[in-house]
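Colleague: sequence and predicted model, in that order:
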Amino acid sequence: MQILPIITVKTIQYKKLCMKVCIMCGGEGTRLRPLTFERPKPCIPIVNRPSIEHLVAHLSNMGFRDIVITLGYMGTAIEEALGDGSLYGTTITYVKEKSKLGTAGSVKNAQKYLEGSDFLVVGGDHVTDLNVLEFYRAHRKEKAIVSIGLLSIDDPCEYGIAEIDVNYAIKRFKEKPAPGEIFSNLASTGMYVCNPAVFDYIPSGKKCDFARDLFPQMMEEGLTLKGWLARGNWTDVGSPHSLRQAEHWMLAGMASTAINGDLSMRGSHIKGPVELGDSVALGKNSRIIGPVAIGAGTIIGDSVLIGPYTSIGEKCIIRNNVKIFSSSLYNRVITGINTTISGSIIDNDTHIGDGCSIENDTVIGPRVVLRDNVVVHSKTRLWPEVVVPDGTVVKEHVLNDKFDIRCEGS
């Protein structure tokens with residue numbers, strides 16, 4: 001009888017790479033007032049969902065499912081919007097700041113949750129479809145201490161800009177350059193991939209910004225920072241214009257028409273893609289030209305025209321003969337007959353009278369009342385709860401002393 005040798009089989013276990021991301025949500029969003037008086041910037045609606053929901057869903061789809069979120073201004077609203085992250089297939093850990101620590105300081109404050117592997121850093125106000133998985137892999141291949149996501153843009157004055165060499169090493173970096181200092185149109189997206197060794201260069205408990213403080217210091221010490229050339233859409237939602245641009249991208253990505261519940265129509269027309277919530281009513285001879293999103297319980301009157309790249313929230317009332325083009329109406333907005341709204345943002349519970357004209361790039365805060373035949377000039381902002389009398393032509397910001405009047409800063 002032949003005796004066969006004993007063969008020992010070793011089981012090889014492959015360690016799954018755990019990709020972590022830190023989302024910074026500390027800013028007050030003063031540049032987006034009046035939209036940020038009652039919500040943090042990451043909770044501003046884009047296509048009827050808080051913008052950070054879109055961000056978390058995208059990161060999860062890219063494989064970043066271990067998420068750390070640093071919280072500052074009105075952080076509870078972000079926790080309520082995202083919960084524990086299970087809805088997105090992620091695990092979310094929240095880290096609160098007791099004082100303003102800056103971008104790098106806020107990440108340092110969350111150090112114990114980010115150690116052990118390279119991690120991605122993004123802003124909570126970012127709206128993007130960039131392939132951050134490709135970014136992460138490129139960083140690991142280069143073995144850099146920090147890699148910075150760079151995007152070629154037309155006007156880089158409001159961003160940090162970088163000059164890179166053929167090997168993607170960053171040679172110069174300048175935060176918000178003035179005319180004559182714009183040596184590159186490669187703008188920092190504020191998205192970074194960091195090796196945990198970066199924590200050695202960030203002071204504890206002190207305010208420190210990545211672009212303004214940390215990166216120049218590291219370059220002075222001879223450390224090599226790498227750039228990654230991004231392709232796709234990205235904005236940090238720092239202004240009403242960029243907010244409208246972000247929503248335009250999201251709406252443009254709608255592939256088909258979805259009716260999520262009951263729809264009542266009487267001789268009206270829908271040309272998709274359109275997303276409709278439950279219990280939407282559409283009056284006689286009205287037309288919706290997609291991409292458009294309309295929330296649950298909204299009632300639209302007769303002979304209403306809603307043009308492309310428009311979102312309307314829940315329980316809005318759009319009366320007869322209204323025209324709305326490329327605008328965002330949040331929840332419970334009432335619009336009177338014969339009113340036109342173009343390229344504007346209108347916050348919750350605002351009441352617009354009959355025969356009004358809301359011109360492009362206008363932002364109207366919550367609970368505003370516009371009486372009949374009001375004209376609001378473009379690039380104008382109306383603070384919460386203001387009342388505009390009949391026939392007024394609004395040519396400049398209308399403020400309310402009950403609220404902070406600043407709209408510069410973060």
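Modeller: Perfect, I can see it now.
Colleague: can you point me to the longest helix in the protein?
Modeller: Scanning the chain for the longest helix, with DSSP state H as the assignment, gives helix 240-252.
Colleague: buried residues in that helix?
Modeller: Buried residues in helix 240-252, counting neighbours by 16 or more other CB atoms under 10 Å, are found at Pro240, Ser242, Leu243, Arg244, Gln245, Ala246, Glu247, His248, Trp249, Met250, Leu251. In this view, the C-beta of every residue, glycine as well, is placed from N, C-alpha and C.
Colleague: let's have the residues you listed in a markdown table, adding pLDDT.
Modeller: Below are these laid out as a markdown table (pLDDT from 0 to 100):
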| residue | pLDDT |
| --- | --- |
| Pro240 | 89 |
| Ser242 | 89 |
| Leu243 | 93 |
| Arg244 | 93 |
| Gln245 | 92 |
| Ala246 | 93 |
| Glu247 | 95 |
| His248 | 95 |
| Trp249 | 92 |
| Met250 | 93 |
| Leu251 | 95 |
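Colleague: follow-up on the earlier one: what does the helix or strand following the longest helix of the chain contact?
Modeller: Moving toward the C-terminus from helix 240-252, the next helix or strand (DSSP states H and E) is strand 258-259. The contact list for strand 258-259, computed with CB atoms under 8 Å, 6 or more residues apart in numbering, reads Val274, Glu275, Leu276.
Colleague: so what strands line up beside strand 258-259?
Modeller: According to DSSP bridges, strand 258-259 forms sheet pairs with strand 274-276 (parallel).
Colleague: distance between the partner strand and the chain's centre?
Modeller: Distance, stretch centre to chain centre, for strand 274-276: 21 Å (CA atoms, centre = their mean, to the nearest Å).
Colleague: so which residues make contact with it?
Modeller: Contact partners of strand 274-276, identified using CB under 8 Å, 6+ apart, comprise 47, 254, 257-261, 263, 288, 290-294.
Colleague: sheet partners, orientation included, of the helix or strand following that strand?
Modeller: Downstream of strand 274-276, the first helix or strand assigned by DSSP H and E is strand 280-282. Strand 280-282 sits in its sheet next to strand 263-265 (parallel), strand 299-300 (parallel), going by DSSP bridges.
Colleague: tabulate these (CSV), appending distance to Leu71 and mean neighbour count.
Modeller: Converted to CSV, the strands paired with strand 280-282 look like this (distance: least, CB to CB, whole Å; neighbours: other CB atoms under 10 Å):
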stretch, distance to Leu71, mean neighbour count
strand 263-265, 39, 14
strand 299-300, 37, 20
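Colleague: quick one: Pro267 and Asp302 touch, right?
Modeller: Quick fix: residue 267 reads Gly, not Pro. No. With contact defined as CB atoms under 8 Å, Gly267 does not count as touching Asp302 (9.0 Å).
Colleague: so what sits against both of the two?
Modeller: Common neighbours of Gly267 and Asp302, using CB under 8 Å, 6+ apart, are Lys284, Asn285.
Colleague: when those two are compared, which one has more neighbours?
Modeller: Set Gly267 next to Asp302 and count neighbours by other CB atoms under 10 Å: Asp302 wins out with 17 against 10.
Colleague: quick check: chain neighbours aside, which residue is closest to Pro366?
Modeller: In space, and not counting its chain neighbours, Pro366 is closest to Asp347: 4.2 Å by CB to CB, 6 or more residues apart in numbering.
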